[in-house]
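Student: got a predicted structure plus its sequence, pasted below:
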Amino acid sequence: TQLLEQSPQFLSIQEGENLTVYCNSSSVFSSLQWYRQEPGEGPVLLVTVVTGGEVKKLKRLTFQFGDARKDSSLHITAAQPGDTGLYLCAGAEDSNYQLIWGAGTKLIIKP
Amino acid sequence: EPEVTQTPSHQVTQMGQEVILRCVPISNHLYFYWYRQILGQKVEFLVSFYNNEISEKSEIFDDQFSVERPDGSNFTLKIRSTKLEDSAMYFCASNIVSSGELFFGEGSRLTVL
């Protein structure tokens, strides 16, 4: 069974600090997506990474796809209270209709 | 901007009752999904639907669950006889290609008493 392990499960930090969230698997994905979910809403796509070693930046968020396409990380610089939410990674396989989801990292940024 | 819409936003039902959750996916999307999320837990895949048939389903999607696309725009999830453990947020999603960005609705919260 494909598994995506996300860590940490929960993170509470002060505004202005940096943080990194990890998404790891023993299997290879053709692409990996990062979503953010706010309470009472559906997940919203932040970015898709496709190429091994790829780095994508979205303002203060930096996403990296591992060279072997088995892992990914999300780094947030100078976190803001507006970054609070549940961050989910989801991996896509060529042979499978369904995305494989991580359990999520619940992030709280305290002012 | 096109969006996935879901109704109802919240439904409360008695155990054993049938429930139908409705979704209108984005009009040019071809793949449709139902996910559920029990409060505080991970997003769980239930079923995917393509070309008017189920393409994949998870172990959660047992005989009590069914999906339909009755009229070319709506995509429904029916739970025949609800159980307490069916209480969750149910998300509908759609995309153009199966491995592409998923667009989620705002969810239907189901509470089974």
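Tutor: Arrived safely.
Student: report the contact partners of residue 68.
Tutor: Going with chain A. Residue A:68 makes contact with A:28, A:52 under the criterion C-beta atoms under 8 Å, 6 or more residues apart in numbering or on different chains. All C-beta atoms are positioned from the backbone trio N, CA, C, and that covers glycine.
Student: wait, I meant chain B there
Tutor: By C-beta under 8 Å, 6+ apart, the residues touching residue B:68 are B:75-76, B:78.
Student: confidence score at residue A:57?
Tutor: At residue A:57, the predicted lDDT confidence score is 96.
Student: kindly report the same for the one 5 residues further on.
Tutor: Confidence per residue is given as pLDDT, and for residue A:62 that number is 98.
Student: what do you get for residue A:52?
Tutor: Checking the pLDDT column for residue A:52, the value is 94.
Student: again, but for residue A:27
Tutor: The predicted local distance difference test score for residue A:27 is 88.
Student: report how many residues lie close to it.
Tutor: A count of neighbours around residue A:27, defined by other C-beta atoms under 10 Å in any protein chain shown, yields 13.
Student: with the one 5 residues further on instead?
Tutor: Residues contacting residue A:32 under the criterion other C-beta under 10 Å number 27.
Student: partners of the helix or strand where residue B:66 lies, with directions?
Tutor: In this structure, residue B:66 is located in strand B:65-68 according to DSSP states H and E. Strand B:65-68 sits in its sheet next to strand B:75-79 (antiparallel), going by DSSP bridges.
Student: so what's the closest residue to chain B within chain A closest to, chain neighbours aside?
Tutor: Of all residues in chain A, residue A:42 sits closest to chain B, at 3.0 Å by C-beta to the nearest C-beta. Sequence neighbours aside, residue B:104 is the residue nearest to residue A:42 in space, at 3.0 Å (criterion: C-beta to C-beta, 6 or more residues apart in numbering or on different chains).
Student: what bridges to that neighbour?
Tutor: Residue B:104 forms beta bridges with residue B:93, as assigned by DSSP bridges.
Student: rewinding a little: most neighbours of all the contacts of residue B:68, which one?
Tutor: residue B:75 (26 neighbours).
Student: so who does that residue touch?
Tutor: Contact analysis of residue B:75 by C-beta under 8 Å, 6+ apart lists B:22-25, B:32, B:49, B:67-69, B:92, B:94.
Student: in CSV, list the residues you listed along with distance to residue A:62.
Tutor: CSV is the format used below for the contacts of residue B:75 (distance: C-beta to C-beta, whole Å):
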residue, distance to residue A:62
B:22, 39
B:23, 34
B:24, 35
B:25, 32
B:32, 33
B:49, 35
B:67, 38
B:68, 42
B:69, 40
B:92, 31
B:94, 29
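Student: for the strand holding residue B:66, the averaged confidence score.
Tutor: 96.
Student: buried residues in it?
Tutor: B:65, B:67 (16 or more other C-beta atoms under 10 Å in any protein chain shown).
Student: hey, C-alpha coordinates of that strand in CSV?
Tutor: Included here for strand B:65-68 are C-alpha records, laid out as CSV according to Å, rounded to 0.1, in the frame of the first residue of the first chain:
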residue,chain,number,x,y,z
PHE,B,65,-22.6,3.7,-0.5
SER,B,66,-23.5,4.5,-4.1
VAL,B,67,-22.8,7.3,-6.6
GLU,B,68,-24.7,8.6,-9.5
